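In: Dropping the sequence and predicted coords here.
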Amino acid sequence: MPDREPAGWPWLRERVNRLRQATRPGTVPAAPAPEVRTAVVTDSAAALPTDWVRALTADGRLTVVPMPVMVGAEIYGEGEDDISDTIALAIACGRPVKTSRPSPGQFEQAYLAAQKRGFSSVVSVHISGELSGTADSARLAAARVGIPVEVVDSRTVGMALGMGVQSAVVAAADGRNAADVRAFAEERLARTKVYFYVPSLEQLRHGGRIGAVASLWGTVFSIKPILGVEDGKIVPLEKVRSAARAVARLEEIVAADAAARPAGRARIAVHHFGNPAEAESLAARLAVLLPDCPAAQTSALPAVLAAHAGLGVLAVIVGESSTPAVPAPVPPALST
């Protein structure tokens, strides 16, 4: 099932294409194009749609560093290998699935590549430091290179992280300096929420993301918890007695959050692992409940997150737009 782009991203792609055309030799731009001085680096936990990433990585303005996933003795790179089926089979068979942070050397290569391409700075936005040491690897790499690097611990995961990366790319494309690019990313990250339901807590327990007592509690009493990410950590939000009720309650929580956002600003993304039809159904119901909100982006959970969440997870990210809702020939100043 192909990923669907959230509203605002087609605008960004048009914006980047115009910047490229304006700087092409022999082209007379209608207006001076901003100089793009800041490159953006992130990790594959950001869950960015493949087509969107491909459109923005060709000239180095965006780099996605893959996060490794270990299935038994084999190591796979997110984005480099198609590993979703491998992880699903391993979880079903009880084989160990682990994840790791990228090495500092991988980030060092990304930063040096940006410097070589002529960027004057980098903003590096990453998965919550409470869940991964990825930001620490980025900081170690930043200390080794000559180009200034701003490392941002997003304190979140999935498309919540992706939305912050989106804002960073938008600000960079508008010619903002590294401090502004970081500020745009952090401001949007602060306005995102992650809600999710997992049929079993075992994978989260194996990965050390929740305690053994919480896992046992959920198993023994058949509790289907709704979880969230707050201040970078996975936290319980509600206890529900059945899977059907858990999904229904997840829908209610998301709809209430999105409806409380400023008019026309709410943006939603839905992640799944092994249950795409259920995710599409949830997205369709949310579209009915939230007629003023653009259709949700629906995509598989990144492998590095699926390895911990397990099969059957449904995750919903609620955020707000950072780009104009309607593209204009000459976009106005970025909205926040």
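Out: Received the coordinates, thanks.

In: Test my guess that E108 contacts A141.
Out: Yes. When contacts are counted by CB atoms under 8 Å, E108 is listed as touching A141 (4.1 Å). All C-beta spots, glycine's among them, are computed from the backbone N, C-alpha and C.

In: which SS class is I234?
Out: Taking DSSP: H, G, I helix; E, B strand; the rest coil as the rule, one finds I234 in the strand state.

In: With E251 instead?
Out: At E251, secondary structure determined by three-state DSSP is helix.

In: do you know how far it is from V318?
Out: Per CB to CB, to the nearest Å, E251 is found 12 Å from V318.

In: For those two, work out which one has more neighbours and name it.
Out: V318 (29 against 19; other CB atoms under 10 Å).

In: Tell me what the more buried one is bridged to.
Out: Beta-bridge pairing for V318 (DSSP bridges): K193, I268.

In: So it sits against M163, correct?
Out: No. Using CB under 8 Å, V318 and M163 do not qualify as a contacting pair, with a distance of 9.8 Å.

In: Where does V36 sit: helix, strand or coil?
Out: V36 is classified as coil under three-state DSSP.

In: Just the local confidence number for it, please.
Out: Per-residue confidence at V36 stands at 73 (pLDDT).

In: For it, grab the count of nearby residues.
Out: One way to gauge burial is a neighbour count; for V36, by other CB under 10 Å, it gives 22.

In: again with R144
Out: Each residue near R144 was counted by other CB under 10 Å, and the total is 13.

In: That one looks like it's in a helix, true?
Out: No. The assignment for R144 by three-state DSSP gives coil, which leaves it out of any helix.

In: helix/strand/coil for the residue nearest to it when sequence neighbours are not counted?
Out: Excluding the flanking residues, the one nearest R144 by CB to CB, 6 or more residues apart in numbering is E108, at 5.5 Å. For E108, the secondary-structure state derived from three-state DSSP is helix.

In: ok, now which ones touch E108?
Out: Listed by CB atoms under 8 Å, 6 or more residues apart in numbering, the contact partners of E108 are A141, R144, V145.

In: Let me know the closest of those to V270.
Out: Within the set of the contacts of E108, A141 lies nearest V270; the separation is 32.7 Å, counting by CB to CB.

In: Just the mean pLDDT for the host helix or strand of that closest one, thanks.
Out: Element membership for A141 (DSSP states H and E) is helix 134-142. Model confidence over helix 134-142 averages 98 on the pLDDT scale.

In: same for that helix, what does it pack against?
Out: Other helices and strands packing on helix 134-142, by 3 or more CB pairs under 8 Å, 6 or more residues apart in numbering; DSSP states H and E, are helix 104-116, strand 121-126, strand 149-153.

In: Where does pLDDT dip in the protein?
Out: Applying pLDDT under 70 to the chain flags residues 1-34, 77-82, 91, 200-222, 322-336.

In: Can you give me the domain boundaries for it?
Out: Here the chain is described, according to automatic domain parsing, as comprising the domains 9-21+36-189, 193-320.

In: Let me know which of those is tucked in deepest.
Out: Ranked by average neighbour count under the criterion mean count of other CB atoms under 10 Å, the domains of the chain are headed by domain 9-21+36-189 at a mean of 20.

In: what ranges do the strands span in the protein?
Out: 38-43, 62-65, 68-71, 74-77, 97-99, 121-126, 149-153, 193-197, 224-230, 233-240, 266-272, 297-300, 314-320 (DSSP state E).

In: could you dump the ones you listed to CSV with distance to A171?
Out: Formatted as CSV, the strands of the chain follow (distance: least, CB to CB, whole Å):
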stretch, distance to A171
strand 38-43, 8
strand 62-65, 12
strand 68-71, 29
strand 74-77, 28
strand 97-99, 30
strand 121-126, 9
strand 149-153, 12
strand 193-197, 22
strand 224-230, 24
strand 233-240, 27
strand 266-272, 17
strand 297-300, 20
strand 314-320, 15
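
In: Quick check: which of those strands is nearest to L56?
Out: Nearest of those to L56, taken as CB to CB: strand 62-65 at 4.2 Å.

In: Mind listing the strands the closest one pairs with, and their directions?
Out: Paired neighbours of strand 62-65 in the sheet (DSSP bridges): strand 38-43 (parallel).

In: Run through who's touching the partner strand.
Out: 48, 60-67, 102, 107, 110-111, 114, 117, 119-127, 134, 138, 161-162, 165, 168-169, 171-172, 176-178, 181.

In: Sounds good, over and out.
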